[in-house]
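Enquirer: Starting from these lines, generate the structure:
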Amino acid sequence: MDMVFHPVVFYFAGYDPEDDHDRQLDTDYLHLHYETIIDRHFNEGDFLENLIKPAVVRDLMIPALRNVSRRDMESCLKKQIFYFRLIHSRLYYRIFKLLAKMGLADKRLVAGFYPNLAVETRELPPKLIYRDITTGSDMETTLDELMQDGINIAIKMIAAAHDYAAGKISKETCTTTIAGHNLDTGRVGKTRKDIRFSIRS
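Expert: Sure, this is the predicted structure:
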């Protein structure tokens, strides 16, 4: 999903690779704020911690992964759920915000807490009219359309990976679908350093 949503988020956050440190901090804050808005748009209360228990991986038919045990997977899921519980908590938000004001925590990360959405007034518009961050081409979409694009891409990639693992297609054929798109720009061979256009352009 990153390679679908990130180009839009970088645009509206006003990212510029030539920014000074202070400006980068502001765009990083906005980036996380907009990602939290996107998360809220799709989840509507159906958060990970309410949907799944870490122990479930013990009963799943998961193919063997190199150097990754079921215990590792369960531990990772527990940490992810703990993190989500933190960002939805008003208490932890207040504590973290206080620590940030004291210089003991990263101020940018305040934007990742759901309670901060009641404080931060900047929103993403329902109709996302923007420019491609590397080419400057005019673009128009919505969050729901981006999600559907991401789902379609993921399905194609999973199918290609499965067919390659099963020996049904060659590596060359597989890489036409899984081509190594950059997660920031959504393009092959283009990184964050290649971003040239944003809402500030």
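
Enquirer: Spell out the secondary structure type for T135.
Expert: coil (DSSP: H, G, I helix; E, B strand; the rest coil).

Enquirer: burial count for it?
Expert: A count of nearby residues for T135, using other CB atoms under 10 Å, gives 13. Bear in mind the C-beta positions are built from the backbone N, C-alpha and C, glycine included.

Enquirer: Kindly report the same for P7.
Expert: 25.

Enquirer: Let me see the backbone angles for it.
Expert: Main-chain dihedrals, P7, degrees, to the nearest 10: phi -60, psi -40.

Enquirer: Pull the contacting residues for it.
Expert: D132, I133, D184, T185, G186 (CB atoms under 8 Å, 6 or more residues apart in numbering).

Enquirer: Show me which pair in those residues is furthest apart.
Expert: Comparing every pair within the contacts of P7 by CB to CB identifies D132 and D184 as the most remote, at 12.9 Å.

Enquirer: which regions of this structure lie under the pLDDT threshold?
Expert: Applying pLDDT under 70 to the chain picks out residues 45-66.

Enquirer: So which of D132 and D184 has more stuff around it?
Expert: Legend: neighbour count by other CB under 10 Å for D132 and D184, higher for D184 (21 against 18).

Enquirer: Can you tell me how far that one is from T173?
Expert: 26 Å (CB to CB, to the nearest Å).

Enquirer: ok, now C76?
Expert: Applying CB to CB, the value for C76 to T173 is 32 Å.

Enquirer: K190 too?
Expert: Counting by CB to CB, the gap from K190 to T173 is 23 Å.

Enquirer: Same check on Y11?
Expert: As judged by CB to CB, Y11 and T173 stand 33 Å apart.

Enquirer: what does F12 give?
Expert: 36 Å.

Enquirer: And these two? Which one has more around it.
Expert: Per other CB under 10 Å, whichever of F12 and T173 has more neighbours is F12, with 21 against 12.

Enquirer: contacting residues for the more buried one?
Expert: Counted by CB under 8 Å, 6+ apart, F12 has contacts L30, Y34, L124, L128, Y130, S198, I199.

Enquirer: So which of those sit within strands?
Expert: The strands, defined by DSSP state E, take in L128, Y130 from the contacts of F12.

Enquirer: Now that we have the contacts of F12, which of them are buried?
Expert: In the contacts of F12, burial by neighbour count holds for L30, Y34, L124, L128, Y130, S198, counting by 16 or more other CB atoms under 10 Å.
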